[in-house]
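Asks: Model the following, please.
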Amino acid sequence: MRYLIIFIFLLFSLKSYGITKVYNLIDEKLTIHTTNPLTKDQKNKIEDILDNITAVLDVTDSDSFVSRFNNLEKNSEVSAPDVFVDAYKVLNDYNKITKGKFDPTAFTLLSKSQKVKKLNYYLKSGVHSRCTSLKNIKIKINNVFSKKEKCTKISFNSLIYGKVVDEIQIFFDSEKINAYAIIFNNVVAKKNFSLSEISTLKLSDYIKEKVNFDLINNFGIYELSDNLYIHNINMKDENLILNDEIIILVSTSSNSNNNILANTLNLMDFDKIKNLNNSEVKIPIFILYKIGDMYNFSYTDNFKRFLSD
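Replies: Here you go, the predicted model:
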């Protein structure tokens, strides 16, 4: 695998800490905190989990399955592993839910440039429009995939971080590890662990003031970053969404869902998502947004229990 694994064992005097392990992969840092050291077998299992996911879904790895799929010739067929099939189904579902605003084939454009001016040109000119459609991807029985256009490329970077956290958390729970925190690119899963003194998790002071994170075990956050992702491109309306004055927090038991839902909500109409208080959405969601110099927030009814007193 192309990712570099760095093991850092730090013993802290604070009780909330214990062992911290940092993995560098998918151009981000995966940080795992446990109160007790992991065994060699447990560390090997984590490496296996990372191998199994990144070998299939990591577009930054030229040898991964998704990279090979992106380079597939027109109408050529390839049998996809289950990890790819399951993740693709989620992307396809969110493409339908957002009525085409979210489209993983937006990676076709990002693979050519990360520059805003170039991306706007691609979107407005339609120069690559034949490449950017999920209709170009065909699925036959037995997980056989093909592409109508060779130029079509997809990315899983809207959910891969949540997928990694999900698999590690499932493993930790099966091993009866009772105190941990797993943090990967704004996706967090924890159990009997306080986040208050974890410096690797950067949260807005305003969110920390409004939300009691001791009450939340799983959450994903969308916040505009230095890197552009497929969820920064509204393919239906053909524009970039680069709003740096909104933060979206989603908390369900599924880290993959928290990851992709927080990201795709960024593509929805701003007036709708800032009025969550008046919606019938059942999912716990918190939105922090800025109008002028004033911070405002909105949340669904099911998020109320996570608010600070």
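Asks: correct me, but residue 75 touches residue 147?
Replies: Yes - the pair residue 75 / residue 147 is scored as a contact, 7.4 Å apart, by Cβ atoms under 8 Å. From N, CA and C alone the C-beta is placed, and that goes for glycine too.
Asks: More neighbours: which of the two?
Replies: Remark: of residue 75 and residue 147, residue 147 carries more neighbours, 24 against 11, as counted by other Cβ atoms under 10 Å.
Asks: How much space separates the more buried one from residue 58?
Replies: To residue 58, residue 147 is 19 Å away according to Cβ to Cβ, to the nearest Å.
Asks: again, but for residue 86
Replies: In terms of Cβ to Cβ, residue 86 sits 15 Å off from residue 58.
Asks: One more: residue 191?
Replies: Residue 191 is 27 Å from residue 58, by Cβ to Cβ.
Asks: Have a look at those two and say which one is more surrounded.
Replies: residue 58 (26 against 15).
Asks: longest helix of this structure?
Replies: If you go by DSSP state H, the chain has its longest helix at helix 40-57.
Asks: and it, which residues are buried?
Replies: 45, 46, 49, 50, 53, 54, 55, 56, 57 (16 or more other Cβ atoms under 10 Å).
Asks: Could you report the distance from the closest residue to the third one other than its chain neighbours to residue 245?
Replies: Translated: residue 49. Computed as Cβ to Cβ, 6 or more residues apart in numbering, the closest residue to residue 49 that is not its neighbour in sequence is residue 167, at 4.7 Å. Residue 167 sits 33 Å away from residue 245, going by Cβ to Cβ.
Asks: Those two - which one has more neighbours?
Replies: Neighbour count, other Cβ under 10 Å: between residue 167 and residue 245, residue 167 has more, with 21 against 13.
Asks: wait, the more buried one sits on residue 54?
Replies: No - using Cβ under 8 Å as the test, residue 167 is too far from residue 54 to be in contact (11.3 Å).
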